[in-house]
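Student: sequence and predicted structure below; questions after.
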Amino acid sequence: MDLSTRVAGLELGNPLMPASGPLTGDDGKMLAVAGFGVGAMVTKTVSVLAAEVPRPCIWGGKDYLLNAELWSEFPLGEWADRILPGLRRSLGIPLVVSAGYSASDLETILPRLEPFADAFEISTHYVGNDVAAMAKTMERARAATKKPILFKMSPHIPSPEEFALAVRESGLDGIVVANSLGPALGVDGSRILLGNAAGQSWMSGPAIKPIALALVARVRKAVPDLALIGVGGIRTADDVVEFLLAGADAVQLLSSALLYGKDIYRRILDALPAAVERAGFSSVAEVVASRLAPFAVSKEIRLPLVDGGTCTGCGICEAVCPWFAVALSDRKPSDPPGPSGRVKRLARMEGSACFGCGLCESRCPAGAISGIFSQGKKG
């Protein structure tokens, strides 16, 4: 299957790349990540001065990551004189150099690193959320380099649409959506785990995926003509397809690699052809050219169906139902499967209490409930 895609004039063999962060902090790390088969490389954010990073700086939760790591711990000169020259000779895939943060910083950084970059990703994560002020930074960045520029959006921007239009009006090439959420506060018992002087950090990982998807869709609708890279919560090949359908041309992933293992890049790429086929497409380019089907709001109550042959009697549906519409019967493990043996009352049988909210279907670990979100023959 053809997994290739195109972003801001760059040809990628596949749509997956690392996001800027600790895995891309020097040439050795980036070459190791490239070995997993990613389609492009993104450096850790380079600024004029090296970051003074607090320790500890990364906390992994069940489905989220808290990070207080800041930008690169190496100064601009180290990147220009040592890290990027060798990396450029060995990498073999497009190199996106992340840079930040102020306009004056970018006017120093971009010309110096231009010989090594195929494109630049500009981060303004620590410089507020005034779009008018950012537009001036965008214009000065555009004047500082001829290479493609992708501006990274922080999710606390009041209007993603206004931000996206400012990127286009400034003559930039695309947008990366979105950075980590926050500030966040990680607490263990009575102590703050990590962060700045206020104990604040930034949150990323699978828990933020629905927010990131919504931002990607909003930005794509506002600027259908710009390159768009989606980032935030990707863990599986199916997640990649969802971001492409929401409007992204390619995706970035970093937090899931820290939570579930660095070889997640290879695992996702191995699974991506099958995920594309499940979605009904024959190539990544076809997915990118398509969009999610419009959502039709309905007030109709659709009652859930239970498949007695699949139901394990675990009781989760009964425990979580907000309308107390589900009750499991007493049964022995040796009882035959089937609705009468396992479920005494589910909405399809005695539906007066069921509100049709869909929670039972979404939480059933066995996939035994359908009819609200999904359609299909259930008995």
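Tutor: Received the coordinates, thanks.
Student: can you pull out the low-pLDDT segments for the chain?
Tutor: Residues of the chain meeting the criterion pLDDT under 70: 329-352, 375-379.
Student: so what are the domain limits for it?
Tutor: Per the record, the chain has its domains at 5-289, 305-370, by automatic domain parsing.
Student: highest average neighbour count across these?
Tutor: Mean neighbour count (mean count of other Cβ atoms under 10 Å) peaks for domain 5-289 among the domains of the chain, with a mean of 19. Backbone N, C-alpha and C define where each C-beta goes, glycine included.
Student: what is the end-to-end distance of it?
Tutor: 10 Å (Cα to Cα, to the nearest Å).
Student: check stretch 9-18 too.
Tutor: Stretch 9-18 has an end-to-end distance of 19 Å (criterion: Cα to Cα).
Student: name the nearest residue to the residue most central in space within the chain, sequence neighbours excluded.
Tutor: Nearest residue to the geometric centre of the chain (Cα atoms, centre = their mean): residue 232, 2.2 Å. Leaving aside its chain neighbours, residue 232 sits nearest to residue 212 (2.7 Å; criterion: Cβ to Cβ, 6 or more residues apart in numbering).
Student: name the helices or strands packed onto whichever strand or helix holds the one you found?
Tutor: Residue 212 is located in helix 209-222, with elements delineated by DSSP states H and E. Contacts defined by 3 or more Cβ pairs under 8 Å, 6 or more residues apart in numbering; DSSP states H and E place helix 209-222 against helix 160-169, strand 174-177, strand 227-231, helix 237-246.
Student: quick one: contacts of it?
Tutor: Helix 209-222 is contacted from outside by 153, 155, 160-161, 163-165, 175, 177-178, 181, 228, 230-235, 239, 242-243, 246-248, 292, using Cβ atoms under 8 Å, 6 or more residues apart in numbering.
Student: hey, C-alpha coordinates of stretch 91-109 in CSV?
Tutor: Output of stretch 91-109 as CSV, limited to C-alpha atoms (Å, rounded to 0.1, in the frame of the first residue of the first chain):
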residue,chain,number,x,y,z
LEU,A,91,19.2,11.2,8.1
GLY,A,92,17.8,10.4,4.7
ILE,A,93,14.2,11.8,5.4
PRO,A,94,12.9,15.3,5.5
LEU,A,95,14.1,17.3,8.5
VAL,A,96,11.8,19.8,10.2
VAL,A,97,13.7,22.1,12.6
SER,A,98,11.6,23.3,15.5
ALA,A,99,12.5,26.8,16.7
GLY,A,100,11.3,29.4,19.2
TYR,A,101,10.2,31.6,20.7
SER,A,102,10.2,35.4,20.1
ALA,A,103,10.5,37.2,16.8
SER,A,104,14.0,38.4,17.6
ASP,A,105,15.0,34.8,18.5
LEU,A,106,13.7,33.6,15.2
GLU,A,107,15.5,36.2,13.2
THR,A,108,18.7,34.9,14.8
ILE,A,109,17.9,31.1,14.6
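Student: what is the helix or strand containing residue 96 packed up against?
Tutor: Secondary structure assigned from DSSP H and E places residue 96 in strand 95-99. For strand 95-99, the packing partners by 3+ Cβ pairs under 8 Å, 6+ apart come out as strand 41-42, helix 84-90, helix 103-113, strand 119-123.
Student: quick one, that strand and strand 119-123 angle?
Tutor: Between strand 95-99 and strand 119-123, the angle comes out at 30 degrees (axes from the mean of the first three to the mean of the last three Cα atoms, to 10 degrees).
Student: adding distance to residue 296, write the domains of the chain out as JSON lines.
Tutor: Formatted as JSON lines, the domains of the chain follow (distance: least, Cβ to Cβ, whole Å):
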{"stretch": "domain 5-289", "distance to residue 296": "16"}
{"stretch": "domain 305-370", "distance to residue 296": "15"}
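Student: so which of the helices and strands packed on strand 95-99 comes closest to residue 63?
Tutor: Closest to residue 63 of the helices and strands packed on strand 95-99, according to Cβ to Cβ: strand 41-42, at 23.0 Å.
Student: so in that sheet, which strands flank the closest one, and in what orientation?
Tutor: Within its sheet, strand 41-42 is paired with strand 95-99 (parallel), according to DSSP bridges.
Student: quick one: the strand it pairs with to chain centroid distance?
Tutor: Distance, stretch centre to chain centre, for strand 95-99: 18 Å (Cα atoms, centre = their mean, to the nearest Å).
Student: likewise for stretch 60-68?
Tutor: 14 Å.
Student: so residue 253 touches residue 232, yeah?
Tutor: No. With contact defined as Cβ atoms under 8 Å, residue 253 does not reach residue 232; the gap is 9.2 Å.
Student: any chance of the helices and strands packed on helix 209-222 in CSV, with distance to residue 95 too?
Tutor: CSV is the format used below for the helices and strands packed on helix 209-222 (distance: least, Cβ to Cβ, whole Å):
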stretch, distance to residue 95
helix 160-169, 21
strand 174-177, 15
strand 227-231, 14
helix 237-246, 21
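Student: nearest to residue 124, of those?
Tutor: Residue 124 lies closest, by Cβ to Cβ, to one member of the helices and strands packed on helix 209-222: helix 160-169, at 10.0 Å.
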